[in-house]
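# with the sequence up front, the predicted model follows.
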Amino acid sequence: MSWPSETHGLRLCRRGRKETVKKLHVDIWSDVVCPWCAIGKRRFEIALAGFARRDAVEVLWRSFELDPTAPAFADGDAPSRLARKFGRPREQMISMMHQVEETAARDGVLLDLVHASNANTFDAHRVIHLGAKRGVQEAVNARILRGFLAEREPVGDRDVLVRLASQAGLDAEEVRATLANDSFAAEVREDEKLAHTLGIRGVPFYLFGGVLGVSGAQPADVFTRALQQAWERTPQSATTTSPKGSS
């Protein structure tokens, strides 16, 4: 799947030299209650670690709500809720959850899906956008993802989000203030609108350099090929002459 290319960043160099800087931007649509997003995240990380140009890759986590109608709190356990939602026996849902847990474990990802609480993730996505603004988006996203999927944290609870986000490097009072108003609500909706425009109907979804889309928790070698292909298709940024002493 191909998409229009996007603008790439430019870094000024020292001593007035001209320097051409090339960056590869990877946009990842994900939800913090999505087990396949956690599995895909690990596989993408493996691919990125082995990518020769990994220092030139910039990752942006984008918002996607699997269930925008979910309440912040819900009664009953996860297998029962999903059994009602999909019209399947509870035992079948438990078996399916265990299969996903086993798949994740083979990639070194710990999941506890059977005991996970239900959650509306809109506020979580707002906090992840705050993390992007403060330069710790990766850590905030990972902490909330792990909290829900492995530690039974009710991430629809704002106090829980404050605690998890502060553990990932955000200021607790700033998180609390963000959640008390509508900060970053527009950014979350913009991410979801863009996903709709691009035809994204499920997550995880990866957009490499604005030119190559990959859907699902693919094996690491698929992400490796996507990184290389997108890098080859990414145009070189224009050159610039920086003032002496700038960086």
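Happy to help now that I have it. Residues are numbered from 1 along each chain as shown.

# which pLDDT value goes with residue 82?
On pLDDT, residue 82 comes in at 86.

# distance of it from residue 143?
Note on residue 82: its distance to residue 143, by Cβ to Cβ, to the nearest Å, is 25 Å. Quick note: C-beta positions are derived from backbone N, CA and C, even for glycine.

# what of residue 213?
Noted for residue 213: a distance of 27 Å to residue 143, by Cβ to Cβ.

# in the lengthiest helix in the chain, which residues are buried?
Across the chain, the longest stretch assigned as helix under DSSP state H is helix 90-106. By 16 or more other Cβ atoms under 10 Å, the buried positions in helix 90-106 come out as 93, 94, 97, 100, 101, 104.

# same question for stretch 48-59.
So for stretch 48-59, counting by 16+ other Cβ under 10 Å, buried means 48, 51, 56, 57, 59.

# inside helices: which ones of the residues you listed?
residue 48.

# output the buried residues of stretch 48-59 as a markdown table; include the columns pLDDT and distance to residue 120.
Shown next, in a markdown table, are the buried residues of stretch 48-59 (pLDDT from 0 to 100; distance: Cβ to Cβ, whole Å):
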| residue | pLDDT | distance to residue 120 |
| --- | --- | --- |
| 48 | 98 | 30 |
| 51 | 98 | 35 |
| 56 | 97 | 36 |
| 57 | 97 | 31 |
| 59 | 98 | 25 |
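
# sort out for me which of the buried residues of stretch 48-59 are in strands.
57, 59 (DSSP state E).

# for residue 33, state which of the buried residues of stretch 48-59 is nearest.
Taking Cβ to Cβ as the measure, residue 33 sits nearest to residue 59 out of these, at 20.1 Å.

# which residues touch that closest one?
Listed by Cβ atoms under 8 Å, 6 or more residues apart in numbering, the contact set of residue 59 reads 25, 26, 28, 48, 138.

# recalculate using a threshold of 7 Å.
26, 28, 138 (Cβ atoms under 7 Å, 6 or more residues apart in numbering).

# how near is it to residue 115?
30 Å.

# cool, residue 174 as well?
Separation of residue 174 from residue 115 (Cβ to Cβ): 31 Å.

# more neighbours, those two?
Counted by other Cβ atoms under 10 Å, residue 174 and residue 115 do not tie: residue 174 has more neighbours, with 17 against 12.
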